[in-house]
Every structure is written in structure tokens, then in C-alpha cells.
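**Student:** Show me the folded form of this:
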Amino acid sequence: MAAAEREGTVPTIVVVPSIIDDIYQKLALQVMATTFVGLDIKCRIVLRSTLRPIACKTSAIIYIIMCILIANGRMKPPTILHIKDSDLISQTINSIKSTQSSVLRMLLNNAIDPGPDKLVLNYDVANPDYLRSKNIFFMVLFNISEVGIDVHSFRNGNISHYFVIVQRDGKFYLISSYGSAICSPQQEVELDLKEWATFVHDFTNKDSEEKRNNESMQAKLREYFLPNKDTTLFLPGEDDMVYVSVESAIQADVDFYIQCEHEIICIDNIVDLVVPFIPPKVTYGGKTKKKSKKRRRTRKKDLIMNVRHINWNE
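**Tutor:** A predicted model of the protein is given here:
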């Protein structure tokens, strides 16, 4: 059955789980281990290695899928690691990869492509009223340094970073992992909306010299996306820049964001676009179909422990 034929009512995202413990990390790593191992490298949407902190695009889309599954009653918030939960997320990702959807093209190419299922973009990401309008926002830092005002042609520019903002119990949190020359595990930072608005204004400033002298903006940039804590250097390839320390690698990325003009954009309809790819619940005689004993045996152990080291293609 085609993904579009499975489309149902788009759920309201109410539960947005915290990732302050390692359950989500384990769940996401298991999804990577079971979904991407052994696939043609051109089909992969993740970066780096399953043994490293989760790349930003991977953690962001997995979090979105998880929230949709919870809203649909297909899984519970991840307080305990269940293989069936990672199976559902993996099936959703595989379904996305079987199409030429805008979501897949965005993840593969780090670009915003309108396509037939157009990505709806919102640039008003510092507006408190907008942030209070729903509980989850799929955000990107969009590099427009070479295209300027042509950003609204969509195809120009390049996504430098993916992250999620959620509203939980009246408070706001930015959820992000990082994987460039440095790898930073997924973290959750509470947002003060006034500070966030100031950061958005300063970060999107076209004047690189003003940004270079803006210590407050740089401090927030590090707090939100580039924390020194638990951050490690990624093992470089032959063509990668080699850094002598984590701090030098972080500073290099700070310098990149200072030099290059960026927009902060919310892909406003990401939930609408992902919902059609959620696998249908298969039932027989009113009961959900059970997995075979053979499959249960092969999936009994935590697959994360056995996954081999894999470098993902940008």
C-alpha cells in the first residue's frame, strides 16, 4: 500500500518526552543499528557512526517520528527500551526512503526543495505567540551566505544544522545533537523566550563583524548547539580538517556561523508530511499480529552492543 494511501488524520502532538536520561539515546542508536546497517550508502540519511553521538538530522527526525507514534497510541514515552518501538521508527524511516518525498530530499541533500509535497516554511521562529501555538517545532539553521535574498526560491542555500524545539508543561526546550568535526550527544536546553528572540535576531545578522564582536550571541550559540561537555572529536577522514582539541573544533564552527549568513527556519508541516509514512497497525481477528519466534530470537539481545563501526556518507 502506498504511503499516501495510508494517510489518516494528523495527530495533535501533546506528549514531547524529555531526553535527559539515556533511554532516548539508546532507542535512537538502536534505530540506526537496525535500519541502516547493510544498506546501499546512497540510501542512508544518517552521518558518522552508530557508535558515535547521533547526528543532528537523525536525532531530529527520529524524535519527530517518536512523538507521532506516541500521539497515535502506537508506543509509550520511552522510559524503557523496547525493540518493537525501534522497529516502528525504523519502518517509518524505511517507508520515507522508498519515496521521492520532500522530507527525504531534505535529509539526503540538506536542502529545502518544494516538490509536490511542499515544505511549509516559517521564519517567525522568535515570536512567542507562534511558539505557544503547538508543542513541537522542527527547526533548521539555513546557510544563505551565497544566495542572499534568493533564499525564498527554496532550492538555494544549505542546511547547516537540524534541531527541535518543544513546549512541555508551559516551558520551552531546545533539543539538539551535533556531528561535524565534533560530536556532541543529544542534549536538552531550557529556553528563555526573550533570550531566544535576542539570539535569533543576533544570529541572523548579515554583518559578520557585528556577530564576531557579539560575545553574548556566541555564548548562546555554544549553549544551544556546541556544548563542550561530553563533546568529542570525530575521527577525521582523509579530506577532513584535523583539529588539535575539542575547543579548536568548536571555535571553527562558531567562526563558520559568524562568517556565513543564516536564517533560522521551522519546517512547519513536518508532522503532516511524516504521518503518511507511519506503518499501519496490522490486526488479525481483532488482535495485533505477533512476530515469529525466530525473529524474536534474532532480536532478543540489544543490537546496539553488536553493531559494527560504520562511517556515514555526507
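
**Student:** Tell me where the model's unsure across the protein.
**Tutor:** The chain contains residues with pLDDT under 70 at 1-9, 20-25, 32-54, 78-83, 114-117, 146-157, 180, 234-242, 282-314.

**Student:** check which helix or strand covers S176.
**Tutor:** Assessed by DSSP states H and E, S176 sits inside strand 171-179.

**Student:** pretty sure S160 contacts Y257?
**Tutor:** Yes: at 7.5 Å, S160 counts as touching Y257 under the criterion of Cβ atoms under 8 Å. (Each C-beta comes from the backbone N, C-alpha and C, glycine too.)

**Student:** what's the overlap in contacts for these two?
**Tutor:** The overlap between the contact sets of S160 and Y257 (Cβ atoms under 8 Å, 6 or more residues apart in numbering) consists of L141.

**Student:** wait, what's in contact with L141?
**Tutor:** Counting by Cβ under 8 Å, 6+ apart, L141 has contacts 159-161, 163, 257, 262-264.

**Student:** helices or strands up against the strand holding S176?
**Tutor:** For strand 171-179, the packing partners by 3 or more Cβ pairs under 8 Å, 6 or more residues apart in numbering; DSSP states H and E come out as helix 56-71, strand 158-168, strand 182-191, helix 193-203, helix 215-225.

**Student:** quick one: strands adjacent to that strand?
**Tutor:** Using DSSP bridges, strand 171-179 pairs in its sheet with strand 158-168 (antiparallel), strand 182-191 (antiparallel).

**Student:** Indicate which one of these is closest to D207.
**Tutor:** strand 158-168 (18.5 Å; Cβ to Cβ).

**Student:** which outside residues touch the closest one?
**Tutor:** With Cβ under 8 Å, 6+ apart as the test, strand 158-168 has contacts from 16, 18, 56-57, 59-61, 63-64, 106, 110-112, 125, 131-132, 134-143, 172-176, 178, 191, 224-225, 256-257, 260, 262.

**Student:** Tell me the buried residues in the helix or strand hosting D255?
**Tutor:** Assigned by DSSP H and E, D255 belongs to helix 246-259. For helix 246-259, the buried set under the neighbour-count rule, 16 or more other Cβ atoms under 10 Å, comprises 246, 249-250, 253-254, 257-258.

**Student:** Contacts only, for the nearest residue to T12 once chain neighbours are set aside.
**Tutor:** Distances taken as Cβ to Cβ, 6 or more residues apart in numbering put A71 closest to T12, at 6.5 Å, once the chain neighbours are dropped. By Cβ under 8 Å, 6+ apart, the contact list for A71 reads 11-15.

**Student:** ok, back up a step: could you look over the strands paired with strand 171-179 and pick the most buried one?
**Tutor:** Mean neighbours per residue, mean count of other Cβ atoms under 10 Å, is largest over those for strand 158-168, with a mean of 21.

**Student:** Return the alpha-carbon coordinates of it using PDB.
**Tutor:** This file holds the C-alpha atoms of strand 158-168, laid out as PDB (Å, rounded to 0.1, in the frame of the first residue of the first chain):
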ATOM      1  CA  ASN A 158      22.200  24.600   2.500                       C
ATOM      2  CA  ILE A 159      21.000  23.300   5.900                       C
ATOM      3  CA  SER A 160      23.900  23.600   8.400                       C
ATOM      4  CA  HIS A 161      22.100  22.100  11.400                       C
ATOM      5  CA  TYR A 162      18.800  20.400  12.400                       C
ATOM      6  CA  PHE A 163      17.200  20.700  15.800                       C
ATOM      7  CA  VAL A 164      13.900  20.600  17.600                       C
ATOM      8  CA  ILE A 165      12.100  23.000  20.000                       C
ATOM      9  CA  VAL A 166       9.400  21.600  22.200                       C
ATOM     10  CA  GLN A 167       6.900  23.000  24.700                       C
ATOM     11  CA  ARG A 168       6.400  20.900  27.800                       C
END
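
**Student:** That one versus helix 193-203: what angle between them?
**Tutor:** Going by axes from the mean of the first three to the mean of the last three Cα atoms, to 10 degrees, strand 158-168 is angled at 170 degrees with respect to helix 193-203.

**Student:** At which residues are the strands of the stretch 201-314 of the chain located?
**Tutor:** Ranges of strands in the stretch 201-314 of the chain, per DSSP state E, counting those that start in this stretch, are 232-233, 262-267, 283-284, 287-288.

**Student:** which strands and helices sit next to the longest one?
**Tutor:** In other words, strand 262-267. Judged by 3+ Cβ pairs under 8 Å, 6+ apart, strand 262-267 is in contact with strand 121-122, strand 136-143, helix 193-203.
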